[in-house]
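sequence unavailable; structure follows:
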């Protein structure tokens with residue numbers, strides 16, 4: 001597990017006065033402003049962010065030291081991170097997406113199926129994207145208790161009971 005977790009990303013300028021478009025990856029999107037100073041992925045840059053309002057697909061925000069549209073545009077694509085220990089503890093049946101990526105995937109018979117390569121949510125709940133031998137492209141598995149009865153972070157694996165048709169026969 002990483003010591004930092006991505007909580008958002010800057011997606012360009014918003015207006016001409018240095019505001020940015022900000023995507024939040026937090027369960028409560030507005031909580032991104034509660035973590036204080038955010039860092040770039042490599043930790044070399046720090047950002048103090050103030051949300052200025054909701055916009056389509058995120059927020060408009062001010063970043064200390066960013067005064068022009070050009071400065072805001074230059075930050076496009078920067079992913080924002082916080083220290084893992086500043087995030088709230090989760091109940092036993094909830095997980096940070098970053099902790100699921102890379103886990104080995106086994107079926108209920110103990111056969112390794114592949115690895116989780118991504119966690120997606122397109123509005124209808126979370127789906128695990130799984131790649132492995134015998135899976136032509138990727139398999140999308142609903143991240144529900146029925147389809148994923150066991151997540152064992154300490155062992156680095158999950159057990160799945162996929163609905164028919166999710167995995168090749």
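Looks like it came in fine. Just so it is clear, the model here is predicted, and its values are computed rather than measured.

buried set for the lowest-mean-pLDDT helix or strand in the chain?
With mean pLDDT, DSSP states H and E as the measure, the helix or strand of the chain carrying the lowest mean pLDDT is helix 97-100 (a mean of 88). By 16 or more other CB atoms under 10 Å, the buried positions in helix 97-100 come out as 97, 99-100. Placement of C-beta: from N, CA and C, glycine included.

could you point out which element follows that helix?
Toward the C-terminal end, the helix or strand that comes next after helix 97-100 (DSSP states H and E) is strand 104-107.

give me the sheet partners of that following strand and which way each runs.
Strand 104-107 has these partner strands in its sheet, going by DSSP bridges: strand 112-121 (antiparallel), strand 157-160 (parallel).

pick the most buried one from these.
strand 157-160 (a mean of 20; mean count of other CB atoms under 10 Å).

residue 42 in helix, strand or coil?
Here residue 42 is coil, with the state taken from DSSP: H, G, I helix; E, B strand; the rest coil.

in a strand, residue 140, correct?
Yes. Assessed with three-state DSSP, residue 140 lies in a strand.

how many neighbouring residues does it have?
By the measure other CB atoms under 10 Å, the count of residues near residue 140 is 15.

do the same with residue 148
Neighbours of residue 148 (other CB under 10 Å): 20.

now do residue 38
Number of residues near residue 38 (other CB under 10 Å) recorded here: 24.

in contact with it, which residues?
7-8, 32, 46-49, 80-82 (CB atoms under 8 Å, 6 or more residues apart in numbering).

could I get the full set of strands for the chain?
With DSSP state E, the ranges of strands along the chain come out as 4-13, 20-24, 38-39, 46-47, 49-55, 58-63, 79-83, 104-107, 112-121, 126-131, 139-142, 150-152, 157-160.

quick check: mean pLDDT across the third one?
Strand 38-39 comes out with an average pLDDT of 95.

domains in the chain, by residue range?
4-86, 97-160 (automatic domain parsing).

redo those as CSV? Include distance to residue 167.
As requested, the domains of the chain are arranged in CSV below (distance: least, CB to CB, whole Å):
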stretch, distance to residue 167
domain 4-86, 28
domain 97-160, 5
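
out of those, which is closest to residue 166?
domain 97-160 (5.5 Å; CB to CB).

got the contact list for whichever helix in the chain runs longest?
When the chain is parsed with DSSP state H, its longest helix is helix 69-74. Helix 69-74 has contacts (CB under 8 Å, 6+ apart) with 10, 12-20, 63, 65-66.

and the buried ones among those residues, selectable in ChimeraX?
Per 16+ other CB under 10 Å, the buried members of these correspond to this ChimeraX selection:
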select :10,13,14,18,19,20,63,66
